[in-house]
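K.L.:
I would like to see how this sequence folds:
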Amino acid sequence: METNNIKRIIKINGMSCDHCKKAVENALSELGDYNELSVNLETKTAEVSYKEDVSVEAIKKAIADEGYEVEDIY
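P.N.:
As a prediction, the model looks like this:
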């Protein structure tokens with residue numbers, strides 16, 4: 001069985017502590033089934049590899065709902 005791997009790198013404004021990191025991890029994990037997920041406070045980025053396509057709009061909304069701003073998504 002073939003597994004899709006759709007990687008997104010997300011630049012996020014407003015994260016400053018482990019609570020912020022966990023909130024973003026939880027928000028991204030609830031959007032879909034994923035292979036990898038990590039949030040880096042130093043670079044203010046999140047990297048996630050979803051097994052299915054998750055829209056950029058859904059990612060932005062999930063992060064905004066937690067009180068953070070998406071600067072860019074690659």
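K.L.:
Poorly predicted segments of this protein, please.
P.N.:
1-3 (pLDDT under 70).
K.L.:
If we use 90, what do you get?
P.N.:
Residue ranges of the chain with pLDDT under 90: 1-5.
K.L.:
what about the longest helix in the chain?
P.N.:
helix 18-29 (DSSP state H).
K.L.:
Just the residues contacting that one, thanks.
P.N.:
For helix 18-29, the external contacting residues (Cβ atoms under 8 Å, 6 or more residues apart in numbering) are 10, 12, 14-15, 34, 37, 39, 41, 46, 48, 59, 62-63, 65-68. In this view, the C-beta of every residue, glycine as well, is placed from N, C-alpha and C.
K.L.:
Quick check on those residues: which are buried?
P.N.:
I10, I12, M15, Y34, V39, A46, V48, I59, A62, I63, E66, Y68 (16 or more other Cβ atoms under 10 Å).
K.L.:
Just the ones in helices from those residues, please.
P.N.:
Using DSSP H, the subset of these located in helices is I59, A62, I63.
K.L.:
Reformat those as TSV; add distance to A27.
P.N.:
Below are these laid out as TSV (distance: Cβ to Cβ, whole Å):
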residue	distance to A27
I59	9
A62	4
I63	6
